[in-house]
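no sequence for this one, just the structure:
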C-alpha cells in the first residue's frame, strides 16, 4: 500500500486567517471568542458569545459574483484549499487532475442560508426564493466549489458526521490514496453555524457555555468550572499525496498521515459512552493501523470541548489506552478549542493540521483557562502556556453527536 504524506496546510480560524497567523496566535494563548456579531443575539439567547472568523475578505479567493452561490462556510473552505495548494506548491497536469480528489467535510452546511430561505418563503412567498438557494447551502458544495476552483476532476466527497466530519474526510482520503485510487486529495472541512438556529439549537441541548460576560475565558476544557463549548467557525484543509508522488515532484513533506480509525458508541444521541469506550477503541485501532506503540506518542490534540461529561470521558479513554505513559504525564494532551472554540465539522482537519505544526516546529499549543483542573482528569493538559518538545507522533481526536468517533495519527516522516 502507498504511504500518505501531508505537503500543504491552509487554515481559516477565529484566531487567524492563514496557517502561520493561526499557529502564532495559538502559541501565544490568544482567544478568538467574543460577543456574537454575525447576527443580533439579544437577551433572549442564553448564549451570546462565539468564536467568529475575523478580517476575512472572501473576494481574495472568489469572484464577487460567485459569492451569491455560497453560504458562509464555502468561502472559508475555498480559501483554506487555495492556501493549502499554494503551501504545497502543487501544480498538476491535466491528466493528473483527472485523478486528483477533493474531500471536504461539513457537519451542518449552510445553516444561515437555510434560515434565509425560510424567511423568504414566510415573508415574500416561495416564488421569491433565489435559484442559488439550494446550491449555496448543501453540505457537499464546499467540495464542489473547490473542484471548480482547482480544476480537479477526480472524486469529490463530503463526509457529514457531526464534529468528526473533517477527521473522517482526512482518514477516508488517506485510504483512497493508500489503495491507489488517487494520488492527490485535497482534504479537510468547513463550518459556519454561528446563526440563530445554530446557537439556539446547541443551547437547547445545554452544549454551549453561558459565560457571556467573559467570552475569552468561556472555553475551559477539563476545568472544574467548565459549562460547555464556545461555537466556532472556519476551515482547515491539507494536501494529501502518496509518498511516491510527493517525492517524484520534489515536494516538501510536512508529515505522514500514518493511522486512522472510525468507531461508533452505539449509546446516546449526544452523550459519550461511559469511560469513553468508543473513543478509546478509535485510538486503539488508529494506533494499530499506524503500527505504533502507544508509548511512542508524544502529543494528543484532544476533542475536549469543555462539556461536563465529554472531557472526563475522553480523559478516561486516554488513560485506558495509554496507561502509565499518560497517567505519569509523559504524554502531553491539550485542547486548542480553549482558544478557537469548537469548529464543529471543521475541527478535526484544523486540529490534525495543528499536530503537523507541532511536529514541524517542536511546539505544543496550550490549554488556556485551565485554572482548576478537574480531579477526574489525570493528564498533563499543558495549562496556560505553550511548551517545547520534540514531537514525532501525535494524535488528533474528533468525537461527534450520534456517538461517531474518529482518530488520526500524524507522524514525522521516517524512512
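Received, thanks. Source: prediction; values computed, not measured.

so which residues of the stretch 251-400 of the chain form helices?
Secondary structure of the stretch 251-400 of the chain (DSSP state H, counting those that start in this stretch): helices located at 277-290, 308-322, 324-327, 337-340, 347-361.

wouldn't residue 75 be in contact with residue 53 here?
No - using C-beta atoms under 8 Å, residue 75 makes no contact with residue 53, being 9.7 Å away. C-betas here are computed from N, CA, C, even on glycine.

name the nearest residue to residue 32, sequence neighbours excluded.
In this structure, residue 32 finds its nearest non-sequential neighbour in residue 14, 3.0 Å apart by C-beta to C-beta, 6 or more residues apart in numbering.

go on, residue 76?
residue 235 (3.8 Å).

can I take it that residue 180 is in a strand?
No - counting by DSSP: H, G, I helix; E, B strand; the rest coil, residue 180 is not part of a strand but coil.

show me what contacts it?
The contact partners of residue 180, by C-beta atoms under 8 Å, 6 or more residues apart in numbering, come to 2, 242.

count the neighbours of the closest residue to residue 8 other than its chain neighbours for me.
The shortest distance from residue 8 to any non-neighbouring residue, by C-beta to C-beta, 6+ apart, is to residue 88 (2.8 Å). Residue crowding around residue 88 was assessed by other C-beta atoms under 10 Å; the count is 25.

shouldn't residue 88 be in contact with residue 245?
No - at 11.2 Å, residue 88 and residue 245 do not qualify as touching, with contact defined as C-beta under 8 Å.

pretty sure residue 235 sits in a helix.
No - Residue 235: not assigned to a helix; according to three-state DSSP it is strand.

would you confirm that it contacts residue 83?
No - using C-beta under 8 Å as the test, residue 235 is too far from residue 83 to be in contact (9.5 Å).

and for the two, which residues touch both?
Contacts common to residue 235 and residue 83, judged by C-beta under 8 Å, 6+ apart, are 10-12.

that older thread, in contact with the residue nearest to residue 32, which residues?
32-33, 51-54, 232-234, 340-341.

select only the buried ones of those residues in ChimeraX?
A single ChimeraX command selects the buried members of those (16 or more other C-beta atoms under 10 Å):
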select :32,33,51,52,53,232,233,234,340,341
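
between the contacts of residue 14, which sits nearest residue 359?
For those, the closest approach to residue 359 (C-beta to C-beta) belongs to residue 340, at 19.2 Å.

what about the closest one, distance to residue 414?
30 Å (C-beta to C-beta, to the nearest Å).

cool, and residue 116?
Applying C-beta to C-beta to residue 116 and residue 414 gives a distance of 50 Å.

residue 62 now?
Counting by C-beta to C-beta - residue 62 and residue 414 are separated by 39 Å.

compare these two (neighbour count), which wins?
Using other C-beta under 10 Å, the more surrounded residue of residue 62 and residue 414 is residue 62, with 19 against 8.

with pLDDT, distance to residue 322 and neighbour count added, can I get the shared contacts of residue 235 and residue 83 in JSON lines?
As requested, these are exported to JSON lines (pLDDT from 0 to 100; distance: C-beta to C-beta, whole Å; neighbours: other C-beta atoms under 10 Å):
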{"residue": "10", "pLDDT": "98", "distance to residue 322": "31", "neighbour count": "29"}
{"residue": "11", "pLDDT": "98", "distance to residue 322": "28", "neighbour count": "32"}
{"residue": "12", "pLDDT": "98", "distance to residue 322": "32", "neighbour count": "29"}
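
tell me which of those fall in strands.
Counting by DSSP state E, the part of the shared contacts of residue 235 and residue 83 found in strands is 10-12.

check these against residue 224 and report the nearest one.
Among those, and counting by C-beta to C-beta, the member closest to residue 224 is residue 11, at 30.9 Å.

which residues touch the closest one?
18-19, 22-23, 80, 83, 234-237, 350, 353 are the contacts of residue 11 under C-beta under 8 Å, 6+ apart.

got the residues you listed as TSV, with pLDDT and distance to residue 305 columns?
Output for the contacts of residue 11, formatted as TSV (pLDDT from 0 to 100; distance: C-beta to C-beta, whole Å):
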residue	pLDDT	distance to residue 305
18	98	24
19	98	23
22	98	18
23	98	21
80	98	21
83	98	26
234	98	15
235	98	18
236	98	16
237	98	22
350	98	13
353	98	18
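
columns distance to residue 360 on top of the residues you listed, output as a markdown table?
Formatted as a markdown table, these follow (distance: C-beta to C-beta, whole Å):
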| residue | distance to residue 360 |
| --- | --- |
| 18 | 15 |
| 19 | 10 |
| 22 | 14 |
| 23 | 9 |
| 80 | 18 |
| 83 | 16 |
| 234 | 20 |
| 235 | 20 |
| 236 | 15 |
| 237 | 17 |
| 350 | 15 |
| 353 | 10 |
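
could you chop this protein up by domain?
4-248, 259-411 (automatic domain parsing).

how distant is the shortest one from the center of its chain?
Looking back up the chat, that one is domain 259-411. 13 Å (C-alpha atoms, centre = their mean, to the nearest Å).

pull up the distance across that domain, start to finish.
9 Å (C-alpha to C-alpha, to the nearest Å).

ok, now stretch 402-415?
First-to-last residue span, stretch 402-415, C-alpha to C-alpha: 39 Å.

for the stretch 101-250 of the chain, what spans make up the strands?
156-157, 184-192, 233-242 (DSSP state E, counting those that start in this stretch).
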